[in-house]
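Q: 3D, please:
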Amino acid sequence: MRKRSSGLDEEDLSGLIGKVYDCAIDPTRWGSTLDRIRTLLNCANAAIGVTDMDARSVRFQKNRGN
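A: Numbering: from 1, shown residues only. Okay, the predicted model is just below:
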């Protein structure tokens, strides 16, 4: 399997992209997806958020890690 410059092989990257698409359909999956990102990239924390800049409010936020 060929490694990418990020250190992820093509199979891991493809699986991760699929998980992100699944989260668009079912946002409750973000927790496990962020955990997978942490595992694959060997990170302590992962987060995603959406901010409404006009209303100056957080529309969505999910964090995982230490």
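Q: what residues sit buried inside the longest helix anywhere in the chain?
A: For the chain, the helix reaching the highest residue count under DSSP state H is reported as helix 10-25. For helix 10-25, the buried set under the neighbour-count rule, 16 or more other CB atoms under 10 Å, comprises 12, 16, 19, 23. C-beta here means a position set from N, CA and C on the backbone, and glycine is covered the same way.
Q: packing partners of it?
A: In this structure, helix 10-25 packs against helix 30-41, with contacts taken as 3 or more CB pairs under 8 Å, 6 or more residues apart in numbering; DSSP states H and E.
Q: helix 10-25 and the helix it packs on, what's the angle between them?
A: Our comparison of helix 30-41 with helix 10-25, counting by axes from the mean of the first three to the mean of the last three CA atoms, to 10 degrees, yields an angle of 160 degrees.
Q: name the element the closest residue in space to I37 that isn't next to it in sequence belongs to?
A: Leaving aside its sequence neighbours, I37 sits nearest to A46 (CB to CB, 6 or more residues apart in numbering; 4.8 Å). A46 belongs to strand 45-52 when elements are defined using DSSP states H and E.
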